[in-house]
Structures are given as structure tokens and as C-alpha cells.
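Q: Provided below are the primary sequence and the corresponding predicted coordinates.
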Amino acid sequence: MPVVAVLILVADQVSKYLVVTYMELGESWSPIPALERLFVFRYATNTGVAFGLFPDKGYLFMVIAMAVVVIIVLYYRHLPRGQWLIRISLGLQLGGALGNLLDRVRLGRVTDFIDFRIWPVFNLADMSIVAGVSILAFSLLREDWLERKQHGTEGIEGKKGKKGSSLPLSD
């Protein structure tokens, strides 16, 4: 997890540095002119959370981000060594959370620049958080599925159901 988190944090901060250094606020640049209608880099700032949600609530989310960082680190410390996919997902989440938290602490806002035109502008930290949460959800669901498959399916009330069914048999 630490290596993944550091790689994400560095990539996020370097990409934001390049955007702030070489672009003006509001400026768009298309690295692939043929895809300009679908994707551009656009320098924007965000005082809310991912994808521009809840603008001007930055300080609240700064506190939440700090709590999330602590929770991720504590959760990571208690994971068995074999949980590599969950460890990677936590590294992605931690790196993204730290990247945006660093922006909030230093600047009071987050730098966004990835614009797919049909979605609010975002950054590498946002992508990393979403990917990490998605991988974590997949891992936990997969683990639950494998456990149910190994021990037989149990229904909502803990009674054995028909094989392949997650619903209990009627009484």
C-alpha cells in the first residue's frame, strides 16, 4: 500500500503542478485534436469534493479526508498479508485522499484538469479514489461470494437455502 499511495500522490501532484504552471485558469488544451469534442485538459479549481460536488464545503471535507486517511491506515494495519487486492485498493484511496488533502491544506481548493465533457472536471486523485473504492467493493463482494460458495449458501435469516440461491427456504 505505501508504494501505491506514494506513486499516486507523486503523479497527482506533478500533474497538477504542470497544469498550474503551463495553463491559465479556465484554459483548455486538447492533446489529441481529433478527440477534442470528447476529451480535453481544462484547468479548473474546486472547493468542494470529487467532480465538483458540494462547492465551498472544503474545510468540512478537509476534516473528513483526514479521518479517511487515519481509517485507511488503521484498516491496512489489520489486514492479513494475503489480501493484496484490498491493499492495492487502499493504496489508491490513500494516495488520492492525500493528493487532494494536500491541495486543500496548501491552497484551500483542489486543482482539476481532466475533462471528458459529459462529466465534471476531475483529477488523478479523484480517479484513484474512485478506482480504489471500486476495487475494494469488488474484492469484498468476491470474498463474500467465495465464502458462500465454499460453505454453502446461507440466506438472509441464516438458514440454508437452495444451492445457488441467496434466499432462505420458507419455514
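A: Structure's in. What do you need?
Q: Residue 42 touches residue 122, doesn't it?
A: No - with contacts counted by C-beta atoms under 8 Å, residue 42 stays clear of residue 122, the gap being 10.5 Å. Bear in mind the C-beta positions are built from the backbone N, C-alpha and C, glycine included.
Q: Find the residues that touch each one of the two.
A: Taking C-beta atoms under 8 Å, 6 or more residues apart in numbering as the contact rule, residue 42 and residue 122 have no neighbour in common.
Q: and residue 134, how many residues sit next to it?
A: Using other C-beta atoms under 10 Å, residue 134 has 12 neighbouring residues.
Q: top helix in this protein by residue count?
A: Among the elements of the chain assigned as helix by DSSP state H, the one spanning the most residues is helix 124-151.
Q: List the buried residues for it?
A: In terms of neighbour count (16 or more other C-beta atoms under 10 Å), helix 124-151 has its buried residues at 124-132, 135-136, 139.
Q: Surely residue 111 is in a strand?
A: Yes - read with DSSP: H, G, I helix; E, B strand; the rest coil, residue 111 is one of the residues of a strand.
Q: residues contacting it?
A: 16, 19-20, 43-46, 103, 123.
Q: mind redoing it with 6 Å?
A: Each residue near residue 111 by C-beta atoms under 6 Å, 6 or more residues apart in numbering is listed here: residue 16.
Q: What pLDDT is listed against it?
A: At residue 111, the pLDDT value in this model is 96.
Q: Please enumerate the strands of the protein.
A: Residue ranges of the strands in the chain, as given by DSSP state E, are 28-29, 40-46, 110-115.
Q: Thanks again, I'm all set now.
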